[in-house]
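Q: Mind folding the following:
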Amino acid sequence: HVQLVESGGGSVQAGGSLRLSCATSGDTYGSSCMAWFRQAPGKEREGVAVINRRGTIRYADFVTGRFTISKVNAEKTLYLQIDSLKPEDTAMYYCAAGSPVLSLIAPLYVYWGQGTQVTVS
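A: Residues are numbered from 1 along each chain as shown. Below is the predicted model:
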C-alpha cells in the first residue's frame, strides 16, 4: 500500500521561504519518478518539478530558480524548497509518484498525496 503525506505548507509573506515535505510509504519510492504539482483556485493542476530514482531532475518552464526538489533516500522523503515566495505561488501543493518517465504530466502519476496549502500574501 503506497501512501504519500505532504507537510510544510502555511501562510507566509511575499519574499519568505517554505520547505515542503512528502513522506512516503510503500514500494514506489526509489522505483519510479516522484514529483511536485500545484493547483491554484480556478486553475488546472500544473507540474512544478520531478526527480527520478537516479536523482535526475526536471523543472517546469516557469520555475526560475526559486524551487528546488530533492529527496533523502534514507528517510524515503521528497522535498520542495521554495524561496522568494510570490502571491502567485499560492496553491495547493501535491506530491505524486509512480510515473515511469521523468514527466510533469499529471495523468502519468499513479499515487497522490492529499496536498499541503501554501498561501502567500
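Q: Give me the most central residue, this structure.
A: By Cα atoms, centre = their mean, the chain has its centre lying nearest to Trp36, at 2.1 Å.
Q: Partner strands of the helix or strand hosting it and their direction?
A: Trp36 belongs to strand 33-39 when elements are defined using DSSP states H and E. Strand 33-39 sits in its sheet next to strand 46-51 (antiparallel), strand 91-99 (antiparallel), going by DSSP bridges.
Q: Run through who's touching the shortest one.
A: Outside strand 46-51, the residues within contact range by Cβ atoms under 8 Å, 6 or more residues apart in numbering are 33-39, 57-60, 62-63, 67-71, 78, 80, 93, 99, 102-106. C-beta here means a position set from N, CA and C on the backbone, and glycine is covered the same way.
Q: Tell me where the chain has strands.
A: Using DSSP state E, the strands of the chain run over 3-7, 10-12, 18-25, 33-39, 46-51, 57-59, 67-72, 77-82, 91-99, 111-112, 116-120.
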